[in-house]
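Engineer: Quick one, fold the following:
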Amino acid sequence: SLMNKAARILSAGAAVAALALTGCSESPSAAAVVGGHRIAETEVNQAAQTLTALTGTELNVSLKQAAFDLTLGEASTLIAERAGARITQAEKDEVLAKNELASAVAGTPGGRPWGDAVATTYLVIERIGGDAFRTQLKELPISVNPRYGTWSAEQLTMVDSSLARVADPTTLRR
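Structural biologist: Down below sits the predicted model:
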């Protein structure tokens, strides 16, 4: 599907990331907390609604995908800062422009943060390499609201069957 294609092309981090995530003990309005930065549920909801509208993906799948991508994007931003890797808006726009669907999602107000997140993740992994990314990701304090699914550091994927295809490491070829 288009959604899987977009995920394969842009969420390079979705599969290579070994996420050590715990249940979210923060406020219910937080979808996730990455290194002290809260990702609001409204942001996840808006991105998910945009993904669903433009891809036809079921909303519950889009919600999990949006939460995953936004969390990874925030983690990638912190990793880039620590590594001294500067990611410009022009670079992010260039990555998004390579994928028609991602570009369409990012072109909407609700989808802009999602586009920013997936492009940032893609660029940071490209800049520092998958191994360094995984290592640094494990060191970040990340908590995710359980309503968006369960994460497995061992399997490098989401445990939920609905997202197994989206985050399947074998489908991520560049």
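Engineer: Could you use CA atoms for every contact and neighbour count after this?
Structural biologist: Will do.
Engineer: Show me what counts as buried in the longest helix anywhere in the chain.
Structural biologist: With secondary structure taken from DSSP state H, the chain has its longest helix at helix 59-83. Of all the residues in helix 59-83, those buried under the rule 16 or more other Cα atoms under 10 Å are 59, 61-80.
Engineer: Check which helices and strands it sits against.
Structural biologist: For helix 59-83, the elements it packs on are helix 12-16, strand 30-34, strand 37-40, helix 41-55, helix 112-128, helix 130-139, helix 161-164, judged by 3 or more Cα pairs under 8 Å, 6 or more residues apart in numbering; DSSP states H and E.
Engineer: avg pLDDT for that helix?
Structural biologist: In this model, helix 59-83 carries a mean pLDDT of 92.
Engineer: Give me the angle between the very next helix or strand once past that helix and helix 112-128.
Structural biologist: Elements were assigned by DSSP states H and E; along the chain past helix 59-83, the next helix or strand is helix 89-97. Using axes from the mean of the first three to the mean of the last three Cα atoms, to 10 degrees, one finds that helix 89-97 and helix 112-128 are set 100 degrees apart in direction.
Engineer: what does helix 89-97 rub up against?
Structural biologist: When contacts are taken as Cα atoms under 8 Å, 6 or more residues apart in numbering, the neighbours of helix 89-97 outside the stretch itself are 10, 102-103, 106, 115-116, 119-120, 123.
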